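Asks: give me coordinates for this.
(2 chains)
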Amino acid sequence: MFSFHKSSRVFTGVCSGFLLASMPMLGAAESVGHYGYGESPTEEQIAAWDIDVRPDGTGLPEGSGSVDEGMQVFETYCSSCHGAFGEGMGRYPKLAGGEGSLTEDRPEKTVGSYWPYASTLWDYIHRAMPFFAPQSLTDDQVYALTAYVLNLNYIVDGDFVANKETLPEVVMPNHDGFTWEDPRPVVQNERCMEDCKEEVTVSDSAAGKNLTPSTTGPLDEGITE
Amino acid sequence: MLGKLRRLNRDVSKIALEESERLPSEERRRFLRSGLFTAGGAMVGGALAGVAPKALAATQYPPEIPPWTRSLGPGVVTDPYGVPSPFEKDVIRRNVPWLTADKVSSISFTPLQHLKGIITPNGLFFERHHAGRPEVDPQQHRLMIHGLVERPIILSMEDLQRFPSVSQINFIECPANGGMEWRGAQLNSLQFLHGMVSCAEWTGVRLSTLLQEVGIKPEGKWLLAEGADGAAMTRSIPMEKALDDVIVAYAQNGEALRREQGYPVRLVVPGWEGNTHVKWLRRLEVGDKPWMQREETSKYTDLMPDGTAHGFTWVMEAKSVITSPCPEMPLKNKGICQIEGLAWSGRGKVKAVDVSVDGGQNWQQAQLREPVMSKSLTRFSLEWKWDGNPALIQSRVIDETGYVQPTLAQLREARGTNSIYHKNAIQTWKVNGDGSVVNVQLS
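Replies: Numbers count the residues shown, from 1 in each chain, chains lettered A, B, ... in the order given. Next comes the predicted model:
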């Protein structure tokens, strides 16, 4: 998935006792618990804060929610910003649509068209939504909302019930659309110093576009659209 | 006039002394203290009042003697926490109202055009919040480290500050800095085009120290950092980076972090995209795989023209920009001027910066201004004799890996115009005949 080509090469190449000793994790003077500061958390303390969910389903709690239930919760807590069908109100994000648009001039990146993992939807709604009251929903409500948003994107059927078994099974349409390794640097400019190009053409200018808020005086509160 | 004031001052003191002569010693001391203080206060007011009626000359330079030379100013602790001169009131962070739905999940930009060194003053450091700026009580705040570790811990902020600390100067840049300009030139301002980069001295505990204290299990290859804000911001960070130069920072330029910067504790992940520097840090979890959070899938991934996207593009590649002249700082005079700017690289030190005044046909090497530090803003300058003719000025950084900052055309060729993030192209400013400066793009 992801690897450190460059550093691992250095590592095997120069990995002598000297380098090992200077690596923080390997053979340094201090040992685990050297300082002994802080407290040991209880299982309960860890569980209450450990809210992350991974693509393999790790972290998903008990509970479940259906598409129908999700529609109701969505109307109550979500549609004012995201629209009844996830179409997005004003500048609030769209949650549905945009299938096949990623190669277009104006791609629409939504849960349906872009997101690689369904688990992320559960995790994010649970940790951060509704925007004005994060971490206020029950696990069942989050399951229901996840099912509903997936259904809005035609990823699951109307009778889908989300729970910790069914959710990791959902394969998102754009699951294979990502590479998880940084290809950069992909551009190699040359450090030319003289006669680097034949002609210089200005293709665009910000002059007269009137999009720039004021950079003097008080803050520009106005919406320029 | 001045003589009269001084005489008056002496007279008041004399009267006070004489008055006090008649009092018992204890009261006398108190009287003197309060009496003289009041007299002094009256003198300050009197001095200013005395000057006012005489109409002030329009200029206060030679041969005039300005009023601030002929009066007393407010005393110490008038501003117990100092603030900039009122004449600097325009030097503020600014936002682009049309850019985001609201100010709660939004961005503000550092006024780079006004900054004089490599350190961004704490009150001017750019902001990026996803759920506003929480008001975290440091007494109540805890950092929990758990997961694939031998000895999970919960640290109070006091506990954290007992560990050995380090300080390092690093820039933080939002990978969306300049992201509005992929398709064309839109904004005519250095602040709004490049102001999502700032630089500070960070003090805190090396993450490697903390990870060693908890003991990473052999399967522990990744780290999840989570914030305590309403976004509960999360990013996955590979262990190699976590053990390299990351710090768990509680101070910024010598004082506690500003609330906007994650008070009381944040991650600083040198050279990596700003979003990984999780603010209001409350949790670090060690795991065997990345978590694929919203901020590393839906956001902060780069869409390519073929419809595929690159994830985990953490490093901020080398970039530079001329900060003077710029749209906000036009040229006022013909003749010799100093072209100045900032350069930085997430891969290490700036090795060199070249400047062109003819749209990239010819380049001259600029001077780097010390200090030149790894993953820090670095100043450069080049003396230029402006003849009053229009010019296209650019800067191009080369970092210690040999990477040369690309042109916008090269970046577009490789990445299209929809990748939003990581637009580190050479910036072109057009200097007009009247000295005004405009953001332009070259084909």
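
Asks: which parts of chain A are helices?
Replies: Taking DSSP state H, the helices of chain A run over residues A:5-14, A:17-22, A:43-49, A:67-77, A:79-82, A:119-128, A:139-152.

Asks: save these as JSON lines, and put in mean neighbour count and distance to chain B too.
Replies: Yep, even glycine has a C-beta here, placed from its N, CA and C like the rest. Listed next are these as JSON lines, based on neighbours: other Cβ atoms under 10 Å in any protein chain shown; distance: least, Cβ to the nearest Cβ, whole Å:
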{"stretch": "helix A:5-14", "mean neighbour count": "10", "distance to chain B": "6"}
{"stretch": "helix A:17-22", "mean neighbour count": "10", "distance to chain B": "11"}
{"stretch": "helix A:43-49", "mean neighbour count": "13", "distance to chain B": "5"}
{"stretch": "helix A:67-77", "mean neighbour count": "18", "distance to chain B": "15"}
{"stretch": "helix A:79-82", "mean neighbour count": "18", "distance to chain B": "8"}
{"stretch": "helix A:119-128", "mean neighbour count": "25", "distance to chain B": "4"}
{"stretch": "helix A:139-152", "mean neighbour count": "26", "distance to chain B": "12"}
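
Asks: can you report phi and psi for B:Cys326?
Replies: As for B:Cys326, its main-chain torsions (degrees, to the nearest 10) stand at phi -160, psi 170.

Asks: got the contact list for the helix or strand hosting B:Trp429?
Replies: Here B:Trp429, judged by DSSP states H and E, is contained in strand B:428-431. Strand B:428-431 is contacted by residues A:202, A:205, B:322, B:325-327, B:331, B:359-360, B:386, B:390-394, B:437-442 when judged by Cβ atoms under 8 Å, 6 or more residues apart in numbering or on different chains.

Asks: number of nearby residues for B:Gly348?
Replies: Other residues near B:Gly348 number 16, with proximity taken as other Cβ atoms under 10 Å in any protein chain shown.

Asks: what sits closest to it if chain neighbours are left out?
Replies: Distance criterion Cβ to Cβ, 6 or more residues apart in numbering or on different chains; nearest residue to B:Gly348, sequence neighbours excluded, is B:Glu400 at 4.4 Å.

Asks: can I see the domain layout of chain B?
Replies: For chain B, the structural domains run B:2-69, B:97-310, B:319-440, going by automatic domain parsing.

Asks: next one: the closest residue to B:Thr313 other than its chain neighbours from A:Tyr117, what distance?
Replies: Counting by Cβ to Cβ, 6+ apart, B:Thr313 lies nearest to A:Asp182, which is 4.7 Å off, once chain neighbours are set aside. Separation of A:Asp182 from A:Tyr117 (Cβ to Cβ, to the nearest Å): 19 Å.

Asks: give me the more crowded residue out of the two.
Replies: When neighbours are counted by other Cβ under 10 Å, A:Asp182 and A:Tyr117 differ, and A:Tyr117 comes out ahead with 26 against 16.

Asks: now that that one has come up, it's in contact with B:Pro290, right?
Replies: No - with contact defined as Cβ atoms under 8 Å, A:Tyr117 does not reach B:Pro290; the gap is 10.7 Å.

Asks: what do those two both touch?
Replies: Shared contacts of A:Tyr117 and B:Pro290 (Cβ under 8 Å, 6+ apart): none.

Asks: looking at the stretch 151-300 of chain B, which residue is nearest chain A?
Replies: Of all residues in the stretch 151-300 of chain B, the one sitting closest to chain A is B:Gly215 (3.4 Å; Cβ to the nearest Cβ).

Asks: quick one: residues contacting residue 201.
Replies: If you meant another chain, say so; for now it's chain A. Residues near A:Thr201 by Cβ under 8 Å, 6+ apart: B:Leu442, B:Ser443.

Asks: you looked at the wrong chain, it should be chain B
Replies: So B:Glu201 contacts B:Ile119, B:Ser167, B:Gln168, B:Ile169, B:Gln252, B:Asn253, B:Gly254 (Cβ under 8 Å, 6+ apart).

Asks: what packs against whichever strand or helix holds the third one?
Replies: Assigning secondary structure by DSSP H and E places B:Gln168 in strand B:166-173. Other helices and strands packing on strand B:166-173, by 3 or more Cβ pairs under 8 Å, 6 or more residues apart in numbering or on different chains; DSSP states H and E, are strand B:197-206, strand B:247-252, strand B:266-268.

Asks: hey, where'd the helices end up in the stretch 51-200 of chain B?
Replies: Ranges of helices in the stretch 51-200 of chain B, per DSSP state H, counting those that start in this stretch, are B:157-162, B:190-194.

Asks: deepest of the ones you listed, which one?
Replies: helix B:190-194 (a mean of 27; mean count of other Cβ atoms under 10 Å in any protein chain shown).

Asks: hmm, who's touching that one?
Replies: By Cβ under 8 Å, 6+ apart, helix B:190-194 touches A:212-213, A:215, B:94, B:96, B:109-113, B:177-178, B:181, B:187, B:321, B:323, B:326-329, B:427, B:439.

Asks: average pLDDT for it?
Replies: For helix B:190-194, the mean pLDDT works out to 98.

Asks: could you do stretch B:153-173 as well?
Replies: Stretch B:153-173 comes out at a mean pLDDT of 98.

Asks: again with stretch A:116-134
Replies: 98.

Asks: partner strands of the strand holding B:Trp429, with direction?
Replies: Strand pairing for strand B:428-431, determined by DSSP bridges: strand B:391-399 (antiparallel), strand B:437-442 (antiparallel).

Asks: nearest to B:Thr69, of those strands?
Replies: strand B:437-442 (36.4 Å; Cβ to Cβ).

Asks: how far is stretch B:224-235 from where the chain is centred?
Replies: Distance of stretch B:224-235 from the chain centroid (Cα atoms, centre = their mean, to the nearest Å) equals 22 Å.

Asks: how long is that stretch end to end?
Replies: End-to-end distance for stretch B:224-235: 6 Å, by Cα to Cα, to the nearest Å.
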